[in-house]
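Colleague: When you get a sec, could you give me coordinates for this:
(2 chains)
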Amino acid sequence: MSAVATQHDHAHVGTHDESHAHDHAHHSVSFIRKYIFSTDHKTIAKQFLATSMFFLLVGGAFALFIRWQLAYPGEPIPLVGKWLPDSLVSNGAVQPGFYTQLVTMHATVMIFFVIIPMATGAFANFCIPLMIGTDDMAMPTVNMVSFWLVPIAGLTIMSGFFVEGGTAAAGWTNYPPLSASGTGHMLWVIGVFLVGFSSILGGMNYLATTLNKRAKGMRMFDMPLTVWALFITSILQVLGTPVLASAMSLLFVDQVFHAGIFIPENLLTANGGLYPSGANVGAGGGGQPVLWQHLFWFYSHPAVYIMIVPIMGVVSDILATFARKAIFGYKAMVFAIMAIAFLGFVVWGHHMFLSGMSPLLGTTFMLSTIVIAVPSSIKIFNWLGTVWKGNIHFTTPNLNALGFISTFVCGGLSGVFMAIGPIDVYIHDTYFIVAHIHYVLFGGSLFGIFAGMYYWYPKMFGKMYNETLGKFHFFLTFITFNLCFFPMHMIGVGGHMRRIYDPYVYEFLKPFQPINQFITIFAIAMGFAQLILIFNLLWSLKFGRKAPRNPWRANTLEWAAPAHPGHGNFDRDITVYRGPYEFASPESKRDYLPQWIRPAHIEQETAVAEKH
Amino acid sequence: MFDFSWNMLTYFPPGISTYSEAHDDLFRLVYWISAAIFLLVQLTLVVFIFRYRARPGHKSIYYHGNNVVEFVWTLAPTVLFAGLGLYSDEMWKVMKYSSRIPTPDMEIDVVGQAFNWHVRYPGGDGILGKRHARYRSAQNLFGIDPTDSHGKDDIVMTGEFNLPINKNVVVHLSSVDVLHSYFLPNFRIKQDAVPGSWIEVWHNGTKSGKYELACAELCGSGHYAMRAVLNMQSDADFAKWMEGKITAKKAVLAAEAANPQPVAPAPAEAAAPAGEHHGSSH
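Modeller: Numbering: from 1, shown residues only, chains lettered A, B, ... in the order given. Okay, the predicted model is just below:
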């Protein structure tokens, strides 16, 4: 293996000498170079995965604190309440200031440190080089930097908990003027800026790799949908994230130098004094808070697609593999992803129906937004078409992928409500939105991430995960998820605002406390169900059955690599002869036909591959 | 255990504005369309999962798709959703287009301040005094122009206010510090209060009673408690209430006139460059 890998490395520029040294001095590669500052895309993918799993637990804990307060306001948080400092809790119960920090940090952590690094960092890193049949990313060092920015950014934001005034507390959307002062908000801005650069660097790398390093014979339309989805997501990252970075920079200038970019003239502060702002000099001018919203959502709406589009690709591949059937309308799927990505850039205003922007713009954004339902529908119909007349195997990855479709349909439809301006006027900033975002990002992205984690676990670690535990984890999560998030639609229609510490100061919200308690019980159950996942992943590392090369009898190139591929990935030359979804092809006696099998030797080569 | 229904439509708080009925109808329409699509897709998924499950002797087919089908299921949602969007636009125009705001029977100013709502009525002369941000201070939240006589008798209320039923009320909405959002659940209206801008909202309540005004945009740790009460009154009751307020304000003004004291030096101070004022601290 090592000889072939060396040849491979020689064929590529850049890492020349380094790879040489790697292979020849295999045992002397230091622990630090191998596991910490690694440039191997698979190690980096695992680093992203481990970091995101850690943050998933942190963000999940925040969510449970929030849920506890909504269900039992003013009562001490069980188990942990008494360990938290008095600046956050009183007698173990969440304080209002801590509550706003919690809602802010829950979303920040889940979006910037769980879903985005998981969907793009972990999956793009692991899948792109393997699925296009190459040895590594186009720019391995840039790749390493892209990962290390994430923990640095995470620490920066988390350090906000230890500064005076506490961490950021203006919501993950961080609207000024509320976010224009305070050390916690500054740290938040710096952290998001850094994690944004991780995204930009990653995106560039994924684009360069996909365009330049595909295996011999692989055309763009021979790429699996996972790679297509990640490719298009990378375009979103590279075009959208710089706008986020510029917004962060401008807000930072406001925070530090009181430039008044987002701060209008003669603004009062909480203690009744005037806001220290450049805008206060002279009577004219003044900043505009709504400008922030435009800049922020110009990135953050595409960001929603950065979080879901890669997952759509992953789910497509998993569904096809376990239905033993080609993707229904492969090209339509690619074009639908492109349409979603394009439309994603022209709909940001639907987050701002109530911001006071011109209602004429509201009409435009309403129509462009509702049109996104079209490519989304195409995807759902094509997924249904894929399982139609298939031969569906209910493995854990496939259960999660089917769960994804079921919940994504619900999240997509609730999106139609808020796309319609006059309805959004009422449900905006209520729990209806909270329900929607969780159906899309938990029910959608996270189920898809679970699916992908189980699906590629054998290739990632060379071991099989425990199928029984996997199924148990899926069913428990799926049931508790729906019982937790579906009732949020109801209280949202009831007018229950989001981000409120104690809903029951309002007469009209008092009847919803039992529903909030119901939601909280299932939120806690769902939170603890994730321990099964973590146990399964860790336990199987040591005690899992040794994985074969192609455990799912799938067609894509990653399964041509050894069961636990080393640096350089492949132990043979890879040439692509056909598309990624030749399941049940009449050319083969088997129900699958991998991309790398030579047309003249189908039976013989597939049989050999199965023995590994 | 408690009142719980899977039908979302039963959760609306009672609607009491002229457009709450139309709003709820539109919501209902979208709800039933969505529910139908939801059930259809979920049912199809379940049927496929059952029918095409792997079992001995069962095989999948070799099939890559069909362009006619793709065309149909692209066209159908396009027509449905674009139609829904165009249909809803009328309601949007009614609520939001300034050209569609009906002739106001009454105009008031509302500003949000963490964590209170302040309301300004035109007072005895029926005219709201001019305002500008440069006059704003902690004592003059609305930034009322001290040189405009119409502003002198304006009445300011905090946390609780009254409005007459069956009247088109135009609210000029703003904020003195951070973003807030003016949310009257029973009226089905919500609008962000943006510091530095005055945004017009209109509503017409048709039923008397006490209703809650909530803040729907995170505005700090006290956000949850930024609640005000709106008393909707019959014309006669409202007139009586307003009369009382005007009389009380007149008495205050008379007392001030008798004892001439610069009550509000703030406007002049606020007009001075405040950036300089605070510059020393940095």
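Colleague: sec struct for the residue in chain B that chain A sits nearest to, please.
Modeller: Nearest residue of chain B to chain A: B:G196, at 2.5 Å (Cβ to the nearest Cβ). Using the backbone N, CA and C atoms, a C-beta is placed for each residue, glycine as well. With DSSP: H, G, I helix; E, B strand; the rest coil as the basis, B:G196 sits in coil.
Colleague: who touches it in this structure?
Modeller: A:P264, A:E265, A:L267, A:G286, A:G287, A:Q288, A:P289, B:A133, B:S174 (Cβ atoms under 8 Å, 6 or more residues apart in numbering or on different chains).
Colleague: pLDDT weak spots in the stretch 151-282 of chain B?
Modeller: Flagging of the stretch 151-282 of chain B using pLDDT under 70 yields the residue ranges B:261-282.
Colleague: Show the residue spans covered by the helices in it.
Modeller: For the stretch 151-282 of chain B, the helices defined by DSSP state H, counting those that start in this stretch occupy B:235-258, B:266-271, B:274-279.
Colleague: what's the nearest residue to A:F447 if we skip its chain neighbours?
Modeller: A:F404 (4.3 Å; Cβ to Cβ, 6 or more residues apart in numbering or on different chains).
Colleague: Any figure for the gap between that neighbour and B:Q113?
Modeller: 45 Å (Cβ to Cβ, to the nearest Å).
Colleague: next one: A:V145
Modeller: Applying Cβ to Cβ to A:V145 and B:Q113 gives a distance of 45 Å.
Colleague: Compare those two and say which is more crowded by neighbours.
Modeller: Using other Cβ atoms under 10 Å in any protein chain shown, the more surrounded residue of A:V145 and B:Q113 is B:Q113, with 22 against 16.
Colleague: Mind pulling up the pLDDT for that one?
Modeller: Note on B:Q113: pLDDT of 95.
Colleague: residues contacting the residue lying closest to it once chain neighbours are set aside?
Modeller: In this structure, B:Q113 finds its nearest non-sequential neighbour in B:V176, 4.9 Å apart by Cβ to Cβ, 6+ apart. B:V176 sits next to A:L267, A:L268, B:V111, B:G112, B:Q113, B:R136, B:L141, B:P195 when contact means Cβ under 8 Å, 6+ apart.
Colleague: Those in strands, which ones?
Modeller: Counted as lying in strands by DSSP state E, out of the contacts of B:V176, are B:V111, B:G112, B:Q113.
Colleague: Show the residue spans covered by the strands in chain A.
Modeller: A:89-90, A:93-94.
Colleague: Pick out the residue closest to the middle of chain B.
Modeller: B:K190 (2.2 Å; Cα atoms, centre = their mean).
Colleague: Isn't it up against B:A216?
Modeller: Yes - here B:K190 reaches B:A216: they are 5.7 Å apart, a contact under Cβ atoms under 8 Å.
Colleague: Which strand residues bridge B:H172?
Modeller: B:D109, B:E200 (DSSP bridges).
Colleague: contacting residues for it?
Modeller: Counted by Cβ under 8 Å, 6+ apart, B:H172 has contacts B:E107, B:I108, B:D109, B:V110, B:W198, B:I199, B:E200.
Colleague: Looking at the contacts of B:G196, which two lie furthest apart in space?
Modeller: Using Cβ to Cβ, the two most remote members of the contacts of B:G196 are A:G287 and B:S174, lying 14.8 Å apart.
Colleague: how about stretch B:231-245, does it reach chain A?
Modeller: No - Stretch B:231-245 does not reach chain A (Cβ under 8 Å from any Cβ of the partner chain); its nearest approach is 13.6 Å.
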